[in-house]
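**Student:** Sequence and predicted structure below; questions after.
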Amino acid sequence: MPISEEHVGRSYPATAPYEISRAKIAEFARALSDPDNPAYAGLDPVAPPTLAVVLASAAWDAMFSDPELELSLSRTVHADQRFTWNRPLRAGDAVQAQLKIEKVRARGATAIITISVLLSTTDGEALCTATSTLMHTNMEAA
């Protein structure tokens with residue numbers, strides 16, 4: 001059975017911890033062409049906010065690997081992305097990501113899926129929630 005409203009509320013185990021290091025922050029800042037930003041350097045650097053995308057997308061694997069949902073990344077369009085921050089990601093944080101299906105609307109051969117990914121430290125401190133809207137075409141229509 002493809003993903004449906006019945007799957008709302010389903011959550012998946014947290015990802016393995018990802019260690020935010022000064023080197024990773026600097027590397028990501030260079031990739032964004034923002035290596036001289038003082039926020040990303042020094043003794044207590046914060047990570048560029050978009051690093052959260054990397055961590056949140058790692059949690060997608062569990063959902064796309066769930067055989068009951070019949071999802072395929074190749075039939076998915078990432079339609080929207082929002083972040084709600086509690087605090088910035090900092091060097092020294094060990095971050096896990098846990099995905100939950102928040103909403104599913106089936107419209108013909110398309111499912112509109114809203115997911116949230118909670119980024120938290122391994123100590124349980126909530127850092128950020130990444131909310132995504134995905135449009136997925138069912139296999140029969142592909």
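**Tutor:** Received, thanks.
**Student:** alpha carbons only for contacts and neighbour counts from here, please
**Tutor:** Fine.
**Student:** Okay, buried residues for stretch 58-72 please.
**Tutor:** Within stretch 58-72, the residues that count as buried by 16 or more other C-alpha atoms under 10 Å are A58, A59, W60, A62, M63, L71.
**Student:** Would you mind measuring the gap between the ends of that stretch?
**Tutor:** Stretch 58-72 has an end-to-end distance of 15 Å (criterion: C-alpha to C-alpha, to the nearest Å).
**Student:** cool, stretch 34-51 as well?
**Tutor:** 13 Å.
**Student:** Buried residues of it, list them for me.
**Tutor:** By 16+ other C-alpha under 10 Å, the buried positions in stretch 34-51 come out as P35, Y40, A41, P45, V46, A47, P48.
**Student:** show me the biggest helix of the protein in terms of residues.
**Tutor:** Criterion DSSP state H: the longest helix present in the chain is helix 51-64.
**Student:** Check what contacts it and list those residues.
**Tutor:** Identification of contacts with helix 51-64 by C-alpha atoms under 8 Å, 6 or more residues apart in numbering yields 12-15, 18, 28, 69-73, 95-99, 117-119, 128, 130.
**Student:** please redo it, this time with the cut-off set to 6 Å
**Tutor:** Identification of contacts with helix 51-64 by C-alpha atoms under 6 Å, 6 or more residues apart in numbering yields L71, A97, L99, V117.
**Student:** Which members of those residues are the farthest-apart pair?
**Tutor:** Using C-alpha to C-alpha, the contacts of helix 51-64 span at most 19.7 Å, a distance reached by L71 and A97.
**Student:** and H78, how many neighbours?
**Tutor:** When counting by other C-alpha atoms under 10 Å, one arrives at 12 neighbours for H78.
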